[in-house]
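1. I would like the atomic coordinates for the input below:
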Amino acid sequence: QIQLVQSGGGLVQSGGSLRLSCTASRFPLDSYAVGWYRQAPGKSAREREWISCLSSSDGSTYYADSVKGRFFISRDNSKNMVYLQMSGLKPEDTAVYYCATDALPECPVHGGYWGQGTQVTVSS
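-> Alright, predicted model coming up:
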């Protein structure tokens, strides 16, 4: 069973930055694509918004238009970590953020396995 564990998040002012982390115990994240999604307040799990993906085969990265140029996805294989660096945060970025993987090497990630979610709140 793959368990993704997230850390980071919190409260930040508009224009600020945060970094989210995602790791897995006994599961090599470097072999698989990892994606990030977010669920805005009042939205259901079905309405989670895909925001980024990092493939493992060639390191290709993908971003939703809503975050392109502000968010950056990366991995540190030595730590078995995937990060989402968020800058230029806006109040509309407020959401619960989830990392996910399908245990496959390529994007897109559809969410076979999910992290526990972490709250990001951006104040205006």
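2. buried stuff in the helix or strand harbouring Val120?
-> Assigned by DSSP states H and E, Val120 belongs to strand 118-123. Taking 16 or more other Cβ atoms under 10 Å as the neighbour-count basis, strand 118-123 is seen to contain the buried residues 118, 120-122. Every residue, glycine included, has its C-beta placed from N, CA and C.
3. of these, closest to Glu47?
-> Val120 (16.6 Å; Cβ to Cβ).
4. tally of neighbours for Lys79?
-> 11 (other Cβ atoms under 10 Å).
5. ugh, wrong one, Val109
-> Here the neighbour count serves as a burial measure; for Val109 (other Cβ under 10 Å) it reads 25.
6. quick one: the residue nearest to it when sequence neighbours are not counted from Lys43, how far?
-> If you skip the residues right next to it in sequence, Val109 has Gly35 as its closest partner in space, 3.3 Å away by Cβ to Cβ, 6 or more residues apart in numbering. Distance, Gly35 to Lys43, using Cβ to Cβ, to the nearest Å: 17 Å.
7. the two: which has the busier surroundings?
-> With neighbours defined as other Cβ under 10 Å, Gly35 and Lys43 compare such that Gly35 has more, 25 against 13.
8. same list (the buried residues of strand 118-123) but as CSV, adding pLDDT.
-> Putting the buried residues of strand 118-123 into CSV (pLDDT from 0 to 100) gives the following:
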residue, pLDDT
Thr118, 97
Val120, 98
Thr121, 98
Val122, 98
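9. Ser55: which of those is nearest?
-> When the buried residues of strand 118-123 are compared for distance to Ser55, the smallest value, 22.6 Å, is given by Thr118; criterion: Cβ to Cβ.
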